[in-house]
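# Everything below, folded, please.
(chains A and B)
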Amino acid sequence: MEAGEVRKIVFDIIEDVALDEDLTNLDDSLALREQLDLDSMDFLDIVMELKKRHKVEVPQEDYPRLATMNSCVEYLTPKMQ
Amino acid sequence: MTEVTLPISRHFTPSETRYDAIIIGAGMSGMAAAIRLGMYDKKVLLLEKHSITGGLNSYYGRGKRQFDVGLHALTNFAVKKERGRPLTKLLKQLRIPYDELLLVEQQYSQINFPDNTLNFTNDVNNLINDIGDKFPHEVDGFRKLIAHIENFNEVALDNPYTPAKEVVRRFIKDSDLLEMIFCPLLIYGSAWENDMDFSQFAIMFKSIFLEGFGRTTGGVRKIIQLLLKKMDEANVEVCFRNGVKQILTQKGRAIGVETSRGEVIHAPMVLSCAGLPETLSLLDKQENQNSLPLPRTGKLSFTETILITNTKPKNLSFDPTIVFYNNRSYYKYQKPEELFDKESAVLCFPNNFKGDDYNEGVYRLTMMANYDKWKSLKDTEGSAYIDQKEMVYLEGIKLLKKMIPNFSEDQVLFKDVFTPTSVERYTGHFGGCVYGSPDKSRDGSTPVNGLYVCGTDQGFLGIIGSMLSGISIANLYGLMGSSTRAKMGPETHP
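Modelled structure (predicted):
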């Protein structure tokens, strides 16, 4: 899977989890938590959605790698091959 | 009133004998927990002994009219996308868009004492200004109290019980003002008499004074409708008119339940929103011969009078949304000696939100009541129980006349009175108590592994707190792995 497709997958999940947020101006290089109202429970939901929809497991020690959109794509792309 | 029709389910019997989780009670917290577990593919069975959902916050119909009972207002008001607010968090967790709530704010509410009246809105500055006018020497202390509460972590699970009045006295010297501040917070959620735990006080202070009141257009039905839709999407199986006869255990672990219809259903997780003593009393008698003493039964119960009138309060020049009325020099929040306490009440005027979907005038009056006295009347033959309900109604009329000079009994088209025995019948709470036992399990654990409790009873205010409690407990024990749980801990932010 290409980086662009992975970005779309993550984007769709974030859009569902933070359902009232406007993601049009999301900066892929900045921390998601600083741009959107996402707390630790929401990150857990992102991880659970990845597992539910795409069977991708994110072990807890890797949670920091979901900090920005860029780091999500970089981390998840190899896992989605 | 905006018509919200809810389906009547005729599903009584579980379709299978094994689930990932069984939830006891389709109150607000049970439904929210069921949605969370179902969302992540857990097979969930929700057992409800009545024929409708909502638990303590319920609804009924008479003719063309629809009534809400229990819930006066939604606390924890937030505007759309307001960050870090419990309401925003709840909606995200259940994936309910804010706009679907059709939420309207209160106009203003009033704390009405013999010598003073304070008004508050969803902007705490209005309360600060009113305190500045009426208690000028206390306004700095009140600001400091707000700062103290804002910096206090009321959801830390290791906060020891601290009497709130002791803490608040460090900031507020005038005992009249102190009593006025406590009045709405006690009657809207304290399981303790006359005082409360400071953590609980902070939760309630934020929910009511810092966040405020709102109402979903269509009332409690609107919320229940949204929850039912989500439960359906999450494939939650709900059985109505089927309660729990006993919770089955094996070697100190919950393994399932026997339903009131006699089915034996297994699950590794049993989550109850029935209340702590009520849940523990369902434990399998044979396995739990030497069970621990049950937690105390809560003492606080209420009467509620509902009136429909041919004229709305605003046409009588009366516009507050909720009035916390007290006729004593102090606020007596305790189980009354008599059937009900005539000297204080909460009056809710649902027409007086900033948006009114009723065609008629609606008045709701809540008074503290003595369960034991009502229970013995109920068990007595003759008309004593009905006669006393009429007394509750007449006291309510008297109070409304005192508060609204143009109010008259002739305007009343319909009346209904609920008593502590009604609360007991509809909620199954021992003693008809409304805010649960003073003994709480804030982290939802019980002496039995695999058995958890959630809901308002565990110290979370109103339906927002109740649903967040269900969500937190479902996340913590149902969705997180044990290693995640150890690291993150329970996030029971109400």
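# tell me the contacts of the residue of chain B found nearest chain A?
The minimum distance from chain B to chain A, using CB to the nearest CB, falls at B:Arg83 (4.5 Å). All C-beta spots, glycine's among them, are computed from the backbone N, C-alpha and C. Residues in contact with B:Arg83 (CB atoms under 8 Å, 6 or more residues apart in numbering or on different chains) are A:Asp37.
# do the same with B:Asn370
Contacts for B:Asn370 (CB under 8 Å, 6+ apart) come out as B:301, B:335-340, B:420.
# do you know how far it is from A:Glu5?
B:Asn370 sits 66 Å away from A:Glu5 when distances are taken as CB to CB, to the nearest Å.
# can you check B:Asn151 too?
B:Asn151 is 45 Å from A:Glu5, by CB to CB.
# rewinding a little: can I get the contacts of B:Asn370 in JSON lines with distance to B:Gly428, pLDDT and neighbour count?
Shown next, in JSON lines, are the contacts of B:Asn370 (distance: CB to CB, whole Å; pLDDT from 0 to 100; neighbours: other CB atoms under 10 Å in any protein chain shown):
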{"residue": "B:Ser301", "distance to B:Gly428": "13", "pLDDT": "96", "neighbour count": "27"}
{"residue": "B:Lys335", "distance to B:Gly428": "19", "pLDDT": "97", "neighbour count": "19"}
{"residue": "B:Pro336", "distance to B:Gly428": "23", "pLDDT": "98", "neighbour count": "17"}
{"residue": "B:Glu337", "distance to B:Gly428": "26", "pLDDT": "97", "neighbour count": "8"}
{"residue": "B:Glu338", "distance to B:Gly428": "26", "pLDDT": "97", "neighbour count": "10"}
{"residue": "B:Leu339", "distance to B:Gly428": "22", "pLDDT": "97", "neighbour count": "20"}
{"residue": "B:Phe340", "distance to B:Gly428": "22", "pLDDT": "98", "neighbour count": "21"}
{"residue": "B:Pro420", "distance to B:Gly428": "13", "pLDDT": "96", "neighbour count": "28"}
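# which one of those residues sits closest to B:Glu179?
Nearest to B:Glu179 out of those is B:Pro336 (CB to CB; 17.2 Å).
# Report the secondary structure state of the residue of chain B closest to chain A.
Here B:Arg83 takes the coil state, with states given by DSSP: H, G, I helix; E, B strand; the rest coil.
# Give me the pLDDT for it.
As predicted, B:Arg83 sits at a pLDDT of 90.
# re earlier: so of the contacts of B:Asn370, which ones are in strands?
Within the contacts of B:Asn370, membership in strands is found for B:Ser301, as judged by DSSP state E.
# of all the contacts of B:Asn370, which comes closest to B:Leu177?
Using CB to CB, B:Pro336 comes nearest to B:Leu177 of those, at 24.4 Å.
# Show the contacting residues for the closest one.
Applying CB under 8 Å, 6+ apart, the residues contacting B:Pro336 are B:368-370.
# now it: how far from B:Gly396?
16 Å.
# got it, and B:Gly470?
Distance check for B:Gly470 against B:Gly396: by CB to CB, it reads 33 Å.
# Which one's more surrounded, those two?
Ranked by neighbour count (other CB atoms under 10 Å in any protein chain shown), B:Gly470 and B:Gly396 place B:Gly470 first, with 32 against 25.
# okay, the more buried one: pLDDT?
We note a pLDDT of 96 for B:Gly470 in this prediction.
# give the contact list for it.
Here B:Gly470 is in contact with B:28-34, B:36, B:271, B:273, B:454-455 (criterion: CB under 8 Å, 6+ apart).
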